[in-house]
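Visitor: sequence first, then the predicted structure:
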Amino acid sequence: MRHLLTLEDWSPDQIAEAIATARTIKANPAKYADTLRRKTLCMIFEKPSLRTRLSFEAGMNQMGGHAIYYDTSTSPFGAGKESIADTVRTMCRYVDIIMARLFKHEDLLEMARYSTVPLINALTNFSHPGQILADLQTIEEHKGRLKGLKLAYLGDSFNNVTHSLLFACPKMGMHLSIGCPEGKDYEPAASAFAAARADAARNGVEFEVSHDAAAAIRGADVVYTDSWMSYHIPKDKAGARMKIFGPYQVTGELMKKARPDAIFLNCLPAMRGMEQTAEVIDGPQSVVFDEAENRMHMHKALMLILLRQAGTIQG
Ligand code: CP
Ligand code: NVA
């Protein structure tokens, strides 16, 4: 059974196929109005969401199917009364496809072990692959290509979004430059770092992690940042993290060191005055709402591809 757990498992061709499919669906959504007719998606949420929940649910509806929002806080699993194994084995008797937003990545891998239907990672503490696929689609729309572009990511890098960028960008022939504070709580996890280094060497692109925001952003075609206070970070850490990440805030001044035609991405939700200033996210280089829109086209593409592969739908 093919799932989407991390982009580490996906080949460049599979990533390119997802982007091309999302682009096709976006260009002609009416053509797909019945493609997932009577199919059911279960959406398991342990954490909050605006974009992921709505884009999956609207996307499934637009393709003729139905989505069930399943909040773990009101589930036997969340109450500690039912194992992941039994939850997933039961769920697979009702639904055609599952997406899960969880704290522990290990719990997602456990779900995958028992799932007889495709499973999509809708964010764990470790990775956020569907987000980065939509981001690549957005970059390609605005820049006309991925290969040879430089993406600079600034801020919290021991982070699901950063890890997924590490798994995807060098693999797709993009230069990747990370600017983050020193320390294991702020730098990418070793496994994502190693994957990026190997992919970069294979594709002859640059990959670097530095502790100098200005150096990291220099000459970038794409500037990306993410929340300093991810959903799983306790609120009482906010003060300390503001200080630690402060030098990596994407400001108008810093943006001038990127290429003049650079675009700005943030997966959202965003805090103005934290990971970026308002002038950047609300300025002309920002494409954050195109990025948010593309989550829906990409989720449709992922459901289509995975359900075709599973043999649940034909064509
Ligand atoms: N970017 C993203 O995943 O947003 P939500 O947390 O609102 O789903
Ligand atoms: N890194 C962020 C992404 C939100 C979509 C978080 O985990 O909260």
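Guide: Yes, it's here. Ligands and ions are numbered 1, 2, ... in the order given.
Visitor: surely Leu302 is in a strand?
Guide: No. Using DSSP: H, G, I helix; E, B strand; the rest coil, the secondary structure at Leu302 is helix, not a strand.
Visitor: quick one: contacts for it?
Guide: Listed by CB atoms under 8 Å, 6 or more residues apart in numbering, the contact set of Leu302 reads Leu4, Ala18, Ile120, Gly130, Leu133. C-betas here are computed from N, CA, C, even on glycine.
Visitor: go with 6 Å
Guide: For Leu302, the contacting residues are Ile120, by CB atoms under 6 Å, 6 or more residues apart in numbering.
Visitor: for it, give its distance to Leu36.
Guide: When distances are taken as CB to CB, to the nearest Å, Leu302 and Leu36 turn out to be 12 Å apart.
Visitor: likewise Asp282?
Guide: Where Leu36 is concerned, Asp282 sits at a distance of 36 Å (CB to CB).
Visitor: and these two? Which one has more around it.
Guide: It is Leu36, of Asp282 and Leu36, that has more neighbours when counted by other CB atoms under 10 Å, with 26 against 12.
Visitor: just checking, that one touches His66?
Guide: No. Using CB atoms under 6 Å, Leu36 is not in contact with His66; the gap is 8.9 Å.
Visitor: ligand 2 contacts on this protein?
Guide: Residues of the chain found near ligand 2 (CB under 6 Å from any ligand atom) are Leu123, His128, Asn159, Asn160, Val161, Asp226, Ser227, Ser230, Tyr231, Cys267.
Visitor: so what's the third one up against?
Guide: It stands for Asn159. Asn159 sits next to Asp226 when contact means CB under 6 Å, 6+ apart.
Visitor: now swap in the fourth one and tell me
Guide: If you count contacts by CB under 6 Å, 6+ apart, Asn160 has them with Leu123, Phe126, Ser127, His128.
Visitor: in the protein, what residue lies closest to ligand 2?
Guide: Residue of the chain nearest ligand 2, by CB to the nearest ligand atom: Ser230 (3.3 Å).
Visitor: pLDDT wise, what is that residue at?
Guide: At Ser230 the predicted local confidence, pLDDT, stands at 98.
Visitor: where does the closest residue to it other than its chain neighbours land on pLDDT?
Guide: Counting by CB to CB, 6 or more residues apart in numbering, the nearest residue to Ser230 once its immediate chain neighbours are dropped is Asn159, at 6.4 Å. At Asn159, the model reports a pLDDT of 97.
Visitor: could you tell me which residues of the stretch 101-250 of the chain lie near ligand 1?
Guide: Close to ligand 1, as judged by CB under 6 Å from any ligand atom, the stretch 101-250 of the chain has residues Leu123, Gln131.
Visitor: helices of the stretch 101-250 of the chain, start to end?
Guide: 105-114, 129-143, 160-168, 190-203, 213-217, 238-245 (DSSP state H, counting those that start in this stretch).
Visitor: what residue is smack in the middle of this structure?
Guide: Closest residue to the average C-alpha location of the chain: Gln131 at 2.3 Å, with CA atoms, centre = their mean.
Visitor: I figured it hits Cys267, correct?
Guide: Yes. Taking CB under 6 Å as the definition, Gln131 is a contact partner of Cys267 at 5.0 Å.
Visitor: how close does the residue of the chain closest to ligand 2 sit to Ser11?
Guide: Here Ser230 is placed at a distance of 28 Å from Ser11 (CB to CB).
Visitor: now do Ala200
Guide: Relative to Ser11, and taking CB to CB, Ala200 is found at 16 Å.
Visitor: so if I had to pick from those two, which one is more boxed in?
Guide: Counted by other CB under 10 Å, Ala200 and Ser11 do not tie: Ala200 has more neighbours, with 21 against 10.
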